[in-house]
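Trainee: quick one, what's the 3D model for this:
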Amino acid sequence: MNISNEDFLMDIPSFDTLKEKVVSYRKQCEIIDRWLVKRLDTVLPMIMQRSGIDTWIICNNEHNEDPVFHTLSPALMMSARRLTILIMHLKEDGSVERFSLTHPVPDIARLYTPCWLNPKDAVWGNDKYFLENKKGVKVSETPETQWECLGRVIHELQPEKIGLDYSEHDAYADGLSHSLYLKVMNALYEEDRNKVVSAEPLCIGWLETRIDEEMNAYNGIVQMAHALIKEAYSSKVIHPGVTTNDDVRFWMMEKARSLGLDPWFDFETSIIRKDADIEGEDIIQPGDVLHCDIGFRYLGLCTDTQEMAYILKNGEVDAPQELKNAMATVNRLQDITLDKFEAGKSGNAVLKEAREEALKQGIEPCIYSHPLGFDGHAAGPTIGLWDHQDGVEHEGDYIIHDATCYSLELNAAVEFFGKKQIFSMESDIMLRDGKKYFLAGRQTNFHLIK
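Mentor: Model (predicted):
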């Protein structure tokens with residue numbers, strides 16, 4: 001683990017410094033597309049080989065897109081075009097051919113070889129763009145519908161296994177609508193239909209795997225989250241006796257949005273007071289403990305972070321020892337849980353081992369960690385749910401892989417303010433080259449507000 005417990009809060013740059021690093025929307029799109037090209041060239045072949053599925057069909061209608069579609073298409077292609085079909089085919093040499101069946105979309109044609117000619121385009125003489133592309137599967141000289149084209153192309157590829165995006169268990173792998181499933185099956189040649197399998201391992205593997213460029217950038221993205229919280233939980237924003245809890249929540253939401261950091265959920269803030277736990281509109285007072293849960297998307301990657309602050313009373317220079325002890329206990333639970341993360345283990349195995357070790361050390365744990373990536377609650381193995389501490393069927397059985405990221409979300413029941421209470425924290429982590437890291441560190445001391 002690559003953190004210094006003592007220096008975390010001091011090492012967070014000011015938000016004014018970090019906001020200068022947020023690049024323009026145009027630049028963000030360029031970066032995301034550059035990463036996509038590398039992902040298609042490196043991650044996709046690896047995942048297809050690992051899954052044993054040599055042909056993958058992604059089929060979706062405009063405004064009802066498959067969850068994986070946006071991660072496979074250029075940044076500026078914000079929706080499918082009417083009916084859009086993508087085909088990936090793993091060749092014997094380990095490379096992947098990529099085809100598109102859609103209306104003329106130059107952005108998608110940069111990444112996928114067009115192989116369907118709209119009959120009306122042929123009538124109108126707009127077929128030059130497509131017919132100039134001589135790579136891969138040829139466009140039929142006879143006008144054909146998209147469905148006829150799909151059946152022909154798949155048959156010409158002679159696949160062994162055809163993956164479609166349906167899954168009983170995982171939403172990220174269940175993006176093919178029922179009506180489109182029926183149309184795909186009807187379009188396939190009879191001898192190809194019995195080759196169809198769920199593309200769940202393809203969907204999850206593609207979504208969860210990070211390339212080096214994404215992992216290199218992730219530390220700085222999470223650092224922005226820490227910096228946003230640091231400024232929110234400071235005297236720049238909070239005036240005890242005047243500022244409300246919701247004032248802080250909306251300040252963080254508006255600050256993130258103004259910089260192009262897109263919140264992926266409604267930020268949460270709460271007050272832990274000696275006599276009550278408070279959410280919503282309430283004035284912050286000396287002696288309050290503040291808790292936040294924030295997450296935004298930048299460069300296509302999500303953060304998910306929970307941190308704590310303390311409002312100093314007159315004469316205080318630090319948080320009370322009982323609060324510091326509570327945070328130390330949860331930091332210890334983080335260490336125990338992260339120590340159990342290992343490629344090749346299932347999420348349920350990590351949960352079981354971490355809980356057993358924590359209980360041995362006298363900690364009352366609740367672990368509900370989850371994958372992090374293109375989404376905040378992302379594709380990959382679930383490591384507990386707050387109401388499923390004995391394991392999670394299917395999602396918890398999924399195996400942890402290298403080059404993946406997670407949100408280490410958990411809590412412990414600890415004594416403070418004269419009673420046992422839940423103390424929750426959340427830090428983002430990465431598995432890379434067999435090692436484990438906290439992304440941009442983690443909180444080990446309270447943000448203090450005078």
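
Trainee: quick one: low-confidence ranges for the protein?
Mentor: Residue ranges of the chain with pLDDT under 70: 1-10, 106, 118-141.

Trainee: again, 80 this time
Mentor: Where the chain drops to pLDDT under 80, the residues are 1-13, 15, 18-19, 103-107, 117-143, 276-280.

Trainee: so Thr303 sits against Ala227, correct?
Mentor: No. With contact defined as C-beta atoms under 8 Å, Thr303 does not count as touching Ala227 (11.2 Å). C-beta here means a position set from N, CA and C on the backbone, and glycine is covered the same way.

Trainee: which one's more surrounded, those two?
Mentor: For Thr303 versus Ala227, the count of surrounding residues by other C-beta atoms under 10 Å is larger for Thr303: 29 against 19.

Trainee: tell me which helix or strand the closest residue to the more buried one other than its chain neighbours sits in.
Mentor: For Thr303, ignoring the flanking residues on the chain, the nearest one in space by C-beta to C-beta, 6 or more residues apart in numbering is Ala225 at 4.3 Å. Secondary structure assignment for Ala225, by DSSP states H and E: helix 212-232.

Trainee: likewise for Cys405?
Mentor: For Cys405, the element it lies in under DSSP H and E is strand 404-416.

Trainee: try Trp147
Mentor: helix 146-157.

Trainee: so what touches that helix?
Mentor: Helix 146-157 is touched from outside by 55, 57, 59, 83, 85, 87, 89, 97, 99, 101, 115-116, 137, 140, 144, 162, 183-184, 186-189, 191-192, with contacts defined as C-beta atoms under 8 Å, 6 or more residues apart in numbering.

Trainee: coming back round to it: helices and strands around the helix holding Ala225, which ones?
Mentor: helix 15-19, helix 25-38, helix 245-258, strand 289-294, strand 296-298, strand 301-302, strand 305-311, strand 419-432 (3 or more C-beta pairs under 8 Å, 6 or more residues apart in numbering; DSSP states H and E).

Trainee: turn these into a markdown table, including mean neighbour count and distance to Gly396.
Mentor: Shown next, in a markdown table, are those (neighbours: other C-beta atoms under 10 Å; distance: least, C-beta to C-beta, whole Å):
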| stretch | mean neighbour count | distance to Gly396 |
| --- | --- | --- |
| helix 15-19 | 15 | 36 |
| helix 25-38 | 15 | 29 |
| helix 245-258 | 17 | 31 |
| strand 289-294 | 22 | 22 |
| strand 296-298 | 22 | 25 |
| strand 301-302 | 24 | 21 |
| strand 305-311 | 23 | 22 |
| strand 419-432 | 20 | 17 |
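
Trainee: want to throw the ones you listed into a markdown table with distance to Asp390?
Mentor: Shown next, in a markdown table, are the helices and strands packed on helix 212-232 (distance: least, C-beta to C-beta, whole Å):
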| stretch | distance to Asp390 |
| --- | --- |
| helix 15-19 | 41 |
| helix 25-38 | 38 |
| helix 245-258 | 34 |
| strand 289-294 | 25 |
| strand 296-298 | 32 |
| strand 301-302 | 28 |
| strand 305-311 | 24 |
| strand 419-432 | 19 |
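
Trainee: of the ones you listed, which is nearest Ala349?
Mentor: Ala349 lies closest to strand 419-432 among those, at 14.5 Å (C-beta to C-beta).

Trainee: tilt between the closest one and helix 212-232?
Mentor: 150 degrees (axes from the mean of the first three to the mean of the last three C-alpha atoms, to 10 degrees).

Trainee: what's strand 419-432 packed up against?
Mentor: On a contact count with 3+ C-beta pairs under 8 Å, 6+ apart, strand 419-432 meets helix 212-232, strand 305-311, helix 321-340, strand 404-416, strand 435-438.

Trainee: rewinding a little: okay, angle between the strand holding Cys405 and helix 321-340 too, please.
Mentor: Orientation check (the same axes, to 10 degrees): strand 404-416 against helix 321-340 gives 150 degrees.

Trainee: CA atoms of strand 404-416 as CSV?
Mentor: Extracted C-alpha coordinates of strand 404-416, given in CSV (Å, rounded to 0.1, in the frame of the first residue of the first chain):
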residue,chain,number,x,y,z
THR,A,404,-9.1,-3.6,-12.0
CYS,A,405,-10.4,-0.9,-9.6
TYR,A,406,-12.7,-1.0,-6.6
SER,A,407,-14.4,1.2,-4.0
LEU,A,408,-13.4,-0.1,-0.6
GLU,A,409,-16.7,0.7,1.1
LEU,A,410,-17.4,-0.6,4.7
ASN,A,411,-18.2,0.4,8.2
ALA,A,412,-17.6,-0.8,11.8
ALA,A,413,-19.7,-0.5,14.9
VAL,A,414,-17.7,1.6,17.4
GLU,A,415,-18.1,3.6,20.6
PHE,A,416,-18.3,7.3,20.5
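
Trainee: chain center to that strand: distance?
Mentor: Between the centre of strand 404-416 and the centre of its chain there are 18 Å (C-alpha atoms, centre = their mean, to the nearest Å).

Trainee: so who does Ile272 touch?
Mentor: Per C-beta under 8 Å, 6+ apart, neighbours of Ile272: 278, 288-291, 417, 421.

Trainee: perfect, that will be all.
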